[in-house]
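A.B. asks: Fold the stuff below for me.
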Amino acid sequence: MFTGVKPFKCDQCDYSTVERSHLKVHIRVHTGVSPITFLLIVIICLLYVSQGIVNIVAADVSMAAFGV
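C.D. replies: Predicted coordinates for the structure are as follows:
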């Protein structure tokens, strides 16, 4: 039963909600990050990881630490 309490409040405006997930979506209004932009960033990161680019960069950094 809904009691009227909205414990999740936006720090930047008067918005409040009963669910944290709704507040996370609302915060994007202030940050300018649209759900599509966020999705594209995630997809690009996954592509880099799947292609092993992250592993190559990590290997270069660890080799540089040993002067190789």
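
A.B. asks: rest of the way, CA atoms for contacts and neighbours
C.D. replies: Noted.

A.B. asks: show me where the chain has helices.
C.D. replies: Taking DSSP state H, the helices of the chain run over residues 20-31, 35-50, 53-65.

A.B. asks: now the second one against helix 20-31, angle please.
C.D. replies: Spelled out, it's helix 35-50. Using axes from the mean of the first three to the mean of the last three Cα atoms, to 10 degrees, the direction of helix 35-50 lies 100 degrees away from that of helix 20-31.

A.B. asks: Show the average pLDDT along helix 35-50.
C.D. replies: Averaging pLDDT along helix 35-50 gives 78.

A.B. asks: Give me the pLDDT for Ser62.
C.D. replies: Predicted confidence (pLDDT) for Ser62: 46.

A.B. asks: now do Val68
C.D. replies: Looking at Val68, the pLDDT reads 44.

A.B. asks: Quickly list the domain ranges of the chain.
C.D. replies: 1-32, 35-68 (automatic domain parsing).

A.B. asks: tell me the average confidence for the shortest one?
C.D. replies: The pLDDT scores in domain 1-32 average 86.
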